[in-house]
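Colleague: fold the stuff below for me.
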Amino acid sequence: MCEYPIRILPKKQYVRRINVDDLHTKCLKSLLVRRLDFDGNPFHYIGGRKLLNEGVVSDDVLDWSTNLLGGEFKIEDILWKQKGDGIIEWNEEDVDICDYDECYEQMAQANSVFITVNCLHKTIVPYRRKFGSKGDLEQYAEKTHDIDKEIIEQYHAGYEPECHATVTVEHKPTKLNYWHMTIEITPRDLTEPMPRDGKKNKSVKKRVKEALHLHIIKNLICEEPRNVEDIPKVLYLKQE
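Modeller: The predicted model follows:
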């Protein structure tokens with residue numbers, strides 16, 4: 001008998017993607033959970049408060065995987081690790097767990113951290129950015145309206161003005177987990193989130209990744225919540 005929590009599988013009656021803008025406004029306390037793949041104890045206590053040890057969450061946070069609580073995904077489901085074809089994006093096809101025997105494994109134990117959707121989605125974070133020339137800075141300013149004229153006039157070699165990027169939460173259901181969400185970040189001069197892979201915009205990627213990492217660390221919750229807000233079914237069930 002399959003032990004995998006089949007309630008987290010995508011279903012034909014589910015919408016392909018949850019509208020996170022609606023989730024953001026209708027569920028003010030909606031919560032994400034992430035498993036900590038870390039050897040040893042990731043926490044320490046100060047004055048009775050449970051805190052995260054330094055270095056537990058790496059700075060590899062682009063396209064950061066999490067899971068949405070409040071629907072069918074429960075905190076204990078982080079013990080199940082999906083792999084192979086199980087992590088392929090779901091596109092409304094039927095999923096039979098029997099076809100994915102080699103695509104998941106159960107961990108003996110796991111620690112987790114939590115973060116609210118509201119402290120992430122549509123949040124603007126600052127970062128320092130290098131420009132090769134004053135002309136590059138002027139082009140960026142014209143495109144984004146992110147830099148004042150006074151800042152442009154201060155340009156000199158090595159100058160790193162403050163720029164901004166937008167954090168978003170995206171619903172990316174996989175074949176074995178409908179409730180899979182990712183954290184993305186998009187600099188103001190780009191139209192798509194900064195990808196995890198690839199060498200394009202390498203310098204900018206490094207800076208926005210650092211900014212996102214810092215923002216995540218500041219907002220992580222280490223204590224397991226006593227209550228989790230339910231996700232309204234209208235957000236994930238198809239409407240007839």
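Colleague: and the longest strand seen in the chain, what does it pack onto?
Modeller: Counting residues, the longest strand in the chain under DSSP state E turns out to be strand 162-171. Under the contact criterion of 3 or more Cβ pairs under 8 Å, 6 or more residues apart in numbering; DSSP states H and E, strand 162-171 touches helix 20-26, strand 123-128, strand 180-187, helix 202-219. Quick note: C-beta positions are derived from backbone N, CA and C, even for glycine.
Colleague: the inter-axis angle of it versus strand 180-187?
Modeller: 160 degrees (axes from the mean of the first three to the mean of the last three Cα atoms, to 10 degrees).
Colleague: partner strands of strand 162-171, parallel or antiparallel?
Modeller: As defined by DSSP bridges, the strand partners of strand 162-171 come to strand 123-128 (antiparallel), strand 180-187 (antiparallel).
Colleague: any idea of the mean pLDDT in the longest one?
Modeller: Predicted confidence along strand 180-187 averages 97 (mean pLDDT).
Colleague: how about that strand: buried residues?
Modeller: By neighbour count on 16 or more other Cβ atoms under 10 Å, the buried set for strand 180-187 is 180-185, 187.
Colleague: with the shortest one instead?
Modeller: Buried residues in strand 123-128, counted by 16+ other Cβ under 10 Å: 123, 125, 127.
Colleague: quick check: the last one touching His164?
Modeller: Yes. Shown here, Tyr127 and His164 form a contact pair, counting by Cβ atoms under 8 Å, at 7.4 Å.
Colleague: nearest to Asp63, out of the helices and strands packed on strand 162-171?
Modeller: strand 180-187 (5.2 Å; Cβ to Cβ).
Colleague: dump stretch 162-172 to PDB, restricted to CA.
Modeller: In PDB, the C-alpha atoms belonging to stretch 162-172 read as follows (Å, rounded to 0.1, in the frame of the first residue of the first chain):
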ATOM      1  CA  GLU A 162      20.600  51.700  -4.700                       C
ATOM      2  CA  CYS A 163      18.300  49.900  -7.100                       C
ATOM      3  CA  HIS A 164      15.200  47.900  -6.400                       C
ATOM      4  CA  ALA A 165      13.700  44.500  -7.300                       C
ATOM      5  CA  THR A 166      10.300  42.900  -6.700                       C
ATOM      6  CA  VAL A 167       9.800  39.700  -4.800                       C
ATOM      7  CA  THR A 168       6.900  37.500  -5.800                       C
ATOM      8  CA  VAL A 169       5.400  34.200  -4.800                       C
ATOM      9  CA  GLU A 170       4.500  31.900  -7.700                       C
ATOM     10  CA  HIS A 171       2.400  28.800  -7.700                       C
ATOM     11  CA  LYS A 172       4.200  26.000  -9.500                       C
END
